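[1] Quick one: sequence plus predicted model below, questions after.
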Amino acid sequence: MSLVKDPWELGLMRQSGRRLAEVCAEVRSLVRPGVTTAELDEVAERAIRRLGGVPSFKGYQVGRVVFPATICASPNASVVHGIPNDVPLVDGDIVSLDLGLIYMGYHSDSAFTVAVGSVGADVRRLLDETERSLYEGVAQAMPGNRTGDVGHRIQAVLEAAGYGVVRDYVGHGIGRQLHEKPSVPNYGVSGSGQLIKEGMCLAIEPMSTMGDFRTKVLRDGWTVVTADGSLSAHFEHTVAITSRGAEVLTAIDSLGTV
Ligand code: MG
Ligand code: MG
């Protein structure tokens with residue numbers, strides 16, 4: 001399958017992304033001390049279906065393990081792929097929420113990390129810098145550049161801020177499948193990797209840590225945590241590559257009438 005989408009497919013990717021942006025905004029608005037990630041999961045599934053979409057993570061299978069929920073909810077030292085549960089979030093937590101949907105056969109994928117109640121300035125900075133690294137990476141996603149240009153920029157921003165850059169999980173192409181070629185690592189060498197072409201759609205998703213970048217998977221087979229227990233943040237957008245550069249499909253400021 002070609003990695004490059006035609007205009008019809010890009011139109012559907014835009015519609016998919018806009019719907020996911022709306023779902024993310026709704027879920028994000030409910031994050032507060034006392035809420036459980038299972039409650040957020042329920043809200044997300046209802047919102048996705050209301051907008052004519054289908055949750056894409058629910059039932060996603062890697063080997064013999066099947067992901068059981070609509071969203072990934074990864075608090076504190078969890079990096080990605082946390083399973084929503086009935087444990088209330090508490091003031092001072094951070095939680096990474098990763099959401100995906102399929103609309104008319106096309107996937108979109110977006111994540112953000114949010115503070116629960118009030119957090120210290122050092123934690124706030126982790127979130128702000130990781131989000132900034134996402135947008136710096138997105139700005140490198142243009143025709144003629146390579147995936148290594150995106151990763152290099154993200155790595156530069158995060159390491160300059162003193163954070164670890166997770167290596168074990170990476171961004172990816174996206175379209176009729178949740179994970180398509182090419183891989184988009186959050187580290188790398190400028191000028192290396194896959195050539196980025198107009199019409200490609202990419203999920204760009206830096207994952208940072210306040211400590212070492214190494215991770216491990218918990219016994220549930222899904223939850224990825226930092227090996228050293230340090231806090232982790234994750235921001236992700238689905239973007240389409242146009243002649244002018246990357247068009248962010250899942251940002252709230254791209255919301256039109258759904
Ligand atoms: Mg995601
Ligand atoms: Mg992704």
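    That came through fine. Residues are numbered from 1 along each chain as shown. Ligands and ions are numbered 1, 2, ... in the order given.
[2] how far away is residue 240 from residue 204?
    Distance check for residue 240 against residue 204: by Cβ to Cβ, to the nearest Å, it reads 12 Å. Bear in mind the C-beta positions are built from the backbone N, C-alpha and C, glycine included.
[3] The two: which is more packed in?
    Shown here are residue 240 and residue 204; by other Cβ atoms under 10 Å, residue 204 has more neighbours (29 against 23).
[4] Got the phi and psi for the residue lying closest to that one once chain neighbours are set aside?
    Setting aside the residues directly before and after it, residue 204 is nearest to residue 171 in space (Cβ to Cβ, 6 or more residues apart in numbering), at 4.7 Å. When quoted as degrees, to the nearest 10, the phi and psi of residue 171 stand at phi -70, psi 180.
[5] Could you give the bridge partners of residue 100?
    When bridges are called by DSSP bridges, residue 100 pairs up with residue 109.
[6] which ones are touching it?
    With contacts defined as Cβ atoms under 8 Å, 6 or more residues apart in numbering, residue 100 is in contact with 20, 55, 56, 57, 107, 108, 109, 110, 178.
[7] And for the third one, the neighbour number?
    Put plainly, it is residue 56. Residues near residue 56, counting by other Cβ under 10 Å: 23.
[8] Low-confidence bits of the stretch 1-150 of the chain, can you list those?
    1-2 (pLDDT under 70).
[9] before we move on, the earlier item: wait, the residue nearest to residue 204 sits on residue 207?
    No - between residue 171 and residue 207 there is no contact under Cβ atoms under 8 Å: 9.5 Å.
[10] what residues do these two have in common as contacts?
    Common neighbours of residue 171 and residue 207 (Cβ under 8 Å, 6+ apart) are residue 186.
[11] who's more crowded, the two?
    residue 207 (33 against 29).
[12] Mind pulling the model confidence for the more buried one?
    For residue 207, the pLDDT comes out at 98.
[13] From residue 235, how far out is it?
    Applying Cβ to Cβ to residue 207 and residue 235 gives a distance of 9 Å.
[14] go on, residue 198?
    When residue 198 is compared with residue 235 (using Cβ to Cβ), they lie 24 Å apart.
[15] out of the contacts of residue 100, which touch ligand 2?
    Of the residues in the contacts of residue 100, proximity to ligand 2 by Cβ under 5 Å from the ion holds for residue 109.
[16] tell me which parts of the stretch 151-258 of the chain are close to ligand 2?
    With Cβ under 5 Å from the ion as the criterion, the stretch 151-258 of the chain meets ligand 2 at residues residue 203.
[17] Going along the chain, name the strands of the stretch 151-258 of the chain.
    164-165, 171-173, 180-184, 201-204, 207-209, 215-217, 224-226, 232-234, 237-242, 245-248 (DSSP state E, counting those that start in this stretch).
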